[in-house]
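# coords please:
(one chain, ligands or ions: 2)
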Amino acid sequence: MLVSKYSKPEFSPYDDDTLVVGDDPGPWRAPVAQRALATSVRLPGSKSLTNRELVLSALASGPSLLRAPLHSRDTALMIEALRALGTIIEEVPGDGGFGPDLRITPAELLGGTSIECGLAGTVMRFLPPVAALALGPVAFDGDESARRRPMRTTVESLRGLGVDVNDDGRGSLPFSLYGTGSVAGGELSIDASASSQFVSGLLLAAPRFTEGLTLRHTGESLPSMPHIEMTIATLAARGVVVESPEPGVWVVPSAEIRGIEVDIEPDLSNAAPFLAAAIVAGGTVSIGGWPWSTTQVGAHLETLLPLFGATATRDGDSLVIDGGDGVRGGAELPGVDIDLSLGGELAPAIVAIAALAGSPSRITGIGHLRGHETDRLAALAAEINGLGGAVAELDDGLAIEPRPLTGALWHSYEDHRMATAGAIIGLAVDGVLIDDIGTTAKTLPQFPRLWSDLVRDPDEIVTTVTTDTLLL
Ligand SMILES: O=C(O)C1=C[C@@H](OP(=O)(O)O)[C@@H](O)[C@H](O)C1
Ligand SMILES: C=C(OP(=O)(O)O)C(=O)O
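Ligands and ions are numbered 1, 2, ... in the order given. Okay, the predicted model is just below:
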């Protein structure tokens, strides 16, 4: 199998047809939608759920089984890191359709190792409090761009908990800590305004702290609340009840984390570009396995996408977005004014739709996206403007004016959601060339194939069969 120059050596996709590109793959030409869509898509498991369940399984009192977990670069990094800390993680046959299930047997946490975080926020923010429970030194580092992501709150939290941390004072990777085999816990105040993951990381490990943890967020704003709710829900499913006596305060008891068998829901944030396609190309896209109740922030797509004039309905276990007739854009597609502080990871897809709208949009509440895989506000503005758009950066978001767009090279900045945002625009704008589609392997290695299937004319398949039949 050929592997993208951008896919990192430690990650090998399960799907042979995912990252099939040469040594120098060159840019990927985003397919243009030639007609209204009528497609059903099934997506692999949620990154956020898979990596939480992996961490909790490693901290649990007995074995766990994750059914239909995500297999992607971010989850591969989490698995390798937990194995390095002593956890036993085995692949077992599963029928999720996107790779094996995972059986996790917790073991004594061991230091004397180093953890490669790649560009995964969940690895760099969730594992330091876990490593503090190990005995011995643990070093953390990641991709070059990971060294630009905010980590100061993690380092300061650990120090606040009495953990010995060595860093260069820049508040970023790399750093190392020296675990003594236990963390006392108690009371801690942190500023989590740069990322909800600072809170989630502490809550996940806190039941193993000797005194549990009372955590207080002292910063002005707190993004991505649904992700914190997800953390609390995954703990509850394992018997740990987290209380929140007031907004921004969480009380985690010292408690046993139970081993469980759990089905991982499909990744609803990764559904965003596929559902957006129905708005940009017209027609319908349905995503199967859509949960009736979930803590995933992608659930909000059901109310967000209709703001662009689409309709959202449920059909059995699917969410269906109907974007209407024909290829849309311009006057037919209204701009939106949305505060996305709840779900910043949906912003690149929403901004991509807005860039094709016929009236202005404002997407706010997402200042913390400057610390995501890349500075997403700067990157989205630069790339859309590079196609002829008029996007201005605000302190906490983007203002988008309608402009006709033309095809050009679209830079991904090693950011999976930048790559998929370019693909959304490319459905309506001929000649959008994504420089690194392989970066989608961070959370969805199958993206290039699923996206090509999305726009493929269903008649093509029939034609192929007919031709083959004739040749026979
Ligand atoms: O806890 C999680 O799984 C995540 C929390 C959010 O992080 P931020 O609060 O830093 O945006 C989200 O954007 C990220 O993709 C995943
Ligand atoms: C911000 C994201 O990822 P991470 O988990 O690396 O923070 C994301 O997936 O949009």
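
# what's the closest residue to ligand 1 within the stretch 201-350 of the chain in contact with, if anything?
Nearest residue of the stretch 201-350 of the chain to ligand 1: Ser224, at 3.3 Å (Cβ to the nearest ligand atom). Glycine gets a C-beta too; all of them are placed from N, C-alpha and C. Listed by Cβ atoms under 8 Å, 6 or more residues apart in numbering, the contact partners of Ser224 are 195-197, 297, 341-345.

# Can you narrow these down to the ones near ligand 2?
Among these, the residues lying close to ligand 2 (Cβ under 6 Å from any ligand atom) are Glu345.

# and Leu203, what element?
Assigned by DSSP states H and E, Leu203 falls within helix 197-205.

# Kindly apply the preceding question to Trp250 instead.
Under the criterion of DSSP H and E, Trp250 resides in strand 249-252.

# distance between the ends of stretch 153-173?
12 Å (Cα to Cα, to the nearest Å).

# cool, and stretch 267-285?
End-to-end distance (Cα to Cα), stretch 267-285: 16 Å.

# List the buried residues of stretch 376-395.
Across stretch 376-395, burial judged by 16 or more other Cβ atoms under 10 Å covers 376-377, 379-384, 387, 389, 391, 393.

# got a list of contacts for it?
Contacts of stretch 376-395 with the rest of the structure, by Cβ under 8 Å, 6+ apart, involve 347-348, 351-352, 355, 362, 364, 366-367, 369-370, 397-411, 413, 415, 417-418, 421-422, 425, 429, 432.

# Just those residues: which are in helices?
Using DSSP state H, the subset of the contacts of stretch 376-395 located in helices is 347-348, 351-352, 417-418, 421-422, 425.

# would you turn those residues into a markdown table with distance to Thr105, pLDDT and neighbour count?
Conversion of these to a markdown table gives the following (distance: Cβ to Cβ, whole Å; pLDDT from 0 to 100; neighbours: other Cβ atoms under 10 Å):
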| residue | distance to Thr105 | pLDDT | neighbour count |
| --- | --- | --- | --- |
| Ala347 | 38 | 98 | 27 |
| Pro348 | 37 | 98 | 29 |
| Val351 | 43 | 98 | 30 |
| Ala352 | 42 | 98 | 29 |
| Arg417 | 34 | 98 | 33 |
| Met418 | 37 | 98 | 26 |
| Ala421 | 39 | 98 | 30 |
| Gly422 | 41 | 98 | 30 |
| Ile425 | 45 | 98 | 26 |
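
# now those residues as TSV including distance to ligand 2?
Shown next, in TSV, are the ones in helices among the contacts of stretch 376-395 (distance: Cβ to the nearest ligand atom, whole Å):
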residue	distance to ligand 2
Ala347	9
Pro348	8
Val351	13
Ala352	14
Arg417	5
Met418	10
Ala421	11
Gly422	15
Ile425	18
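
# nearest to Asp315, of these?
Taking Cβ to Cβ as the measure, Asp315 lies nearest Ala352 of the ones in helices among the contacts of stretch 376-395, at 25.2 Å.

# Could you double-check that the closest one lies in contact with Leu275?
No - if you go by Cβ atoms under 8 Å, Ala352 and Leu275 don't touch, sitting 11.8 Å apart.

# where does the residue of the chain found nearest ligand 2 fall, phi/psi-wise?
Residue of the chain nearest ligand 2, by Cβ to the nearest ligand atom: Gly121 (2.4 Å). Dihedral pair for Gly121: phi -60, psi -40, per degrees, to the nearest 10.

# same question, Glu91
Main-chain torsions, Glu91, degrees, to the nearest 10: phi -90, psi 130.

# what sits against it?
Contacts of Glu91 by Cβ under 8 Å, 6+ apart are 99-103.

# can you pick the most crowded of these?
The most crowded member of the contacts of Glu91, judged by other Cβ atoms under 10 Å, is Leu102 (24 neighbours).

# For Thr440, see how far away that residue is.
As for Leu102, its distance to Thr440 is 22 Å (criterion: Cβ to Cβ, to the nearest Å).

# Leu275 now?
Using Cβ to Cβ, Leu275 is found at 16 Å from Thr440.

# out of those two, which sits in the busier spot?
The residue with more neighbours, out of Leu275 and Thr440, is Thr440; 33 against 27, by other Cβ under 10 Å.

# Please work out how many residues are found near the residue lying closest to that one once chain neighbours are set aside.
Of all residues not flanking Thr440 in the chain, Phe447 sits nearest, at 3.7 Å (Cβ to Cβ, 6 or more residues apart in numbering). For Phe447, the count of nearby residues is 26 (other Cβ under 10 Å).

# so who does Phe447 touch?
18, 270, 416, 419-420, 423, 437, 440.

# Serialize those to a markdown table and add fields for pLDDT and distance to Val280.
Shown next, in a markdown table, are the contacts of Phe447 (pLDDT from 0 to 100; distance: Cβ to Cβ, whole Å):
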| residue | pLDDT | distance to Val280 |
| --- | --- | --- |
| Thr18 | 42 | 23 |
| Asn270 | 98 | 17 |
| His416 | 98 | 19 |
| Ala419 | 98 | 16 |
| Thr420 | 98 | 12 |
| Ala423 | 98 | 10 |
| Ile437 | 97 | 18 |
| Thr440 | 98 | 18 |
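
# Please convert the buried members of those residues into PyMOL selection syntax.
Buried members of the contacts of Phe447, defined by 16+ other Cβ under 10 Å, are picked up in PyMOL with:
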select buried, resi 18+270+416+419+420+423+437+440
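
# Reformat the contacts of Phe447 as JSON lines; add distance to ligand 1.
JSON lines is the format used below for these (distance: Cβ to the nearest ligand atom, whole Å):
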{"residue": "Thr18", "distance to ligand 1": "20"}
{"residue": "Asn270", "distance to ligand 1": "10"}
{"residue": "His416", "distance to ligand 1": "10"}
{"residue": "Ala419", "distance to ligand 1": "15"}
{"residue": "Thr420", "distance to ligand 1": "13"}
{"residue": "Ala423", "distance to ligand 1": "18"}
{"residue": "Ile437", "distance to ligand 1": "19"}
{"residue": "Thr440", "distance to ligand 1": "14"}
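
# Specify which member of the contacts of Glu91 is nearest to Arg159.
Leu102 (32.9 Å).

# For the closest one, list each beta-bridge partner.
Per DSSP bridges, the residues bridged to Leu102 are Leu66, Glu91.

# Give me the distance between it and Val92.
For Leu102, the distance to Val92 - Cβ to Cβ - is 7 Å.

# Need the residues touching each of those two.
Between them, Leu102 and Val92 share these contacting residues under Cβ under 8 Å, 6+ apart: Leu65.

# Low-confidence regions, this protein specifically.
The chain contains residues with pLDDT under 70 at 1-25, 326-328, 457-472.

# returning to what we had before: with distance to ligand 2 added, can I get the contacts of Glu91 in CSV?
Below are the contacts of Glu91 laid out as CSV (distance: Cβ to the nearest ligand atom, whole Å):
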residue, distance to ligand 2
Gly99, 19
Pro100, 22
Asp101, 22
Leu102, 19
Arg103, 24
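
# can you tell me which two in those are farthest apart?
Gly99 and Arg103 (13.6 Å).

# and stretch 35-53 with ligand 1, contact?
Yes - residues of stretch 35-53 are located near ligand 1 by Cβ under 6 Å from any ligand atom, namely Ser48.

# Pull out the buried residues from that stretch.
36-37, 39, 41, 43-53.

# Between the two ends of it, what distance do you get?
Stretch 35-53: ends 40 Å apart by Cα to Cα.
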